[in-house]
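Peer 1: task: produce atomic coordinates for the following.
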Amino acid sequence: MEKINPENKCSHLFSKSNTSISITEMFEMQKHLQKELAKRGKGIDFEKATFKEKIDAISTNMTNLTLEFGELLERLPHKRWKTYTPEQLNGWLSEEHRLETCYELIDMWCFFLNIGLCLDIDGQMFMDLYVTKNRENLARQDRGY
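Peer 2: Okay, here's the model as predicted:
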């Protein structure tokens, strides 16, 4: 039996690779994970889910994304009312601390991808939407927005 990770740490999992994947591949990987979770009764298969199930999943994933954001913030010296040590204010306390913080962002990204899958967005559509919205945001700035 594998050991359970009681601290829920991930920094030891990290290894740098030269592999580059696209946003399309990320969406596909997340869809595969969700199918596996659905088989275990821990989520929904977005391809088989009803519209109502997808709406409920969006709400759940937004809640989870928000909770992960809170966990990310807790790893950073963000409280204006708190006194932090110089070490806390001058950067990462360790490489492990940095990686654990980065994994909180990855957790957020997974829930964000789930929301996209609920909306029937794939990687190509996401990229197209992003590019057109980015252009519009720049144009709005040029128009004095």
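Peer 1: which residues touch the most centrally placed residue in the chain?
Peer 2: By CA atoms, centre = their mean, the chain has its centre lying nearest to Trp109, at 1.3 Å. Each residue near Trp109 by CB atoms under 8 Å, 6 or more residues apart in numbering is listed here: Met26. Bear in mind the C-beta positions are built from the backbone N, C-alpha and C, glycine included.
Peer 1: got it, and Glu68?
Peer 2: Contacts of Glu68 by CB under 8 Å, 6+ apart are 104, 107-108, 111.
Peer 1: give the buried subset of these as a PyMOL selection command.
Peer 2: Applying 16 or more other CB atoms under 10 Å to those, the buried members can be selected in PyMOL as follows:
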select buried, resi 104+107+108+111
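Peer 1: can I assume Cys10 is in contact with Arg98?
Peer 2: No - Cys10 lies out of contact with Arg98 (CB atoms under 8 Å); the separation is 12.0 Å.
Peer 1: so what sits against both of those two?
Peer 2: By CB under 8 Å, 6+ apart, no residue touches both Cys10 and Arg98.
Peer 1: need the contact partners of the helix or strand hosting Asn137.
Peer 2: Per DSSP states H and E: Asn137 is located in helix 123-142. Applying CB under 8 Å, 6+ apart, the external contacts of helix 123-142 come out as 22-28, 116, 121.
Peer 1: could you list the low-pLDDT ranges of the protein?
Peer 2: 1-7 (pLDDT under 70).
Peer 1: apply 80 and report the result again.
Peer 2: 1-8, 18 (pLDDT under 80).
Peer 1: just the helices in it please.
Peer 2: Taking DSSP state H, the helices of the chain run over residues 23-39, 51-74, 86-89, 95-118, 123-142.
Peer 1: got the buried residues for the second one?
Peer 2: Just to be clear, that refers to helix 51-74. 54, 57-58, 60-61, 64-65, 68, 71-72.
Peer 1: same thing with the last one?
Peer 2: Within helix 123-142, the residues scored as buried using 16+ other CB under 10 Å are 123, 126.
Peer 1: starting at the chain centroid, how far to that helix?
Peer 2: Here helix 123-142 is found 20 Å from its chain centre; the criterion is CA atoms, centre = their mean, to the nearest Å.
Peer 1: please export the C-alpha coordinates of that helix as PDB.
Peer 2: Written as PDB, here are the backbone C-alpha positions of helix 123-142 (Å, rounded to 0.1, in the frame of the first residue of the first chain):
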ATOM      1  CA  GLY A 123      -7.900  24.400 -25.800                       C
ATOM      2  CA  GLN A 124      -8.200  25.900 -29.200                       C
ATOM      3  CA  MET A 125     -11.400  27.800 -28.300                       C
ATOM      4  CA  PHE A 126      -9.700  29.000 -25.100                       C
ATOM      5  CA  MET A 127      -6.700  30.300 -27.100                       C
ATOM      6  CA  ASP A 128      -9.000  32.000 -29.700                       C
ATOM      7  CA  LEU A 129     -11.100  33.600 -27.000                       C
ATOM      8  CA  TYR A 130      -8.000  34.800 -25.200                       C
ATOM      9  CA  VAL A 131      -6.300  36.300 -28.200                       C
ATOM     10  CA  THR A 132      -9.500  38.100 -29.300                       C
ATOM     11  CA  LYS A 133     -10.100  39.400 -25.800                       C
ATOM     12  CA  ASN A 134      -6.500  40.500 -25.300                       C
ATOM     13  CA  ARG A 135      -6.700  42.400 -28.600                       C
ATOM     14  CA  GLU A 136      -9.900  44.100 -27.500                       C
ATOM     15  CA  ASN A 137      -8.500  45.000 -24.100                       C
ATOM     16  CA  LEU A 138      -5.500  46.700 -25.800                       C
ATOM     17  CA  ALA A 139      -7.900  48.500 -28.200                       C
ATOM     18  CA  ARG A 140     -10.000  49.600 -25.300                       C
ATOM     19  CA  GLN A 141      -6.900  51.200 -23.700                       C
ATOM     20  CA  ASP A 142      -6.100  52.900 -26.900                       C
END
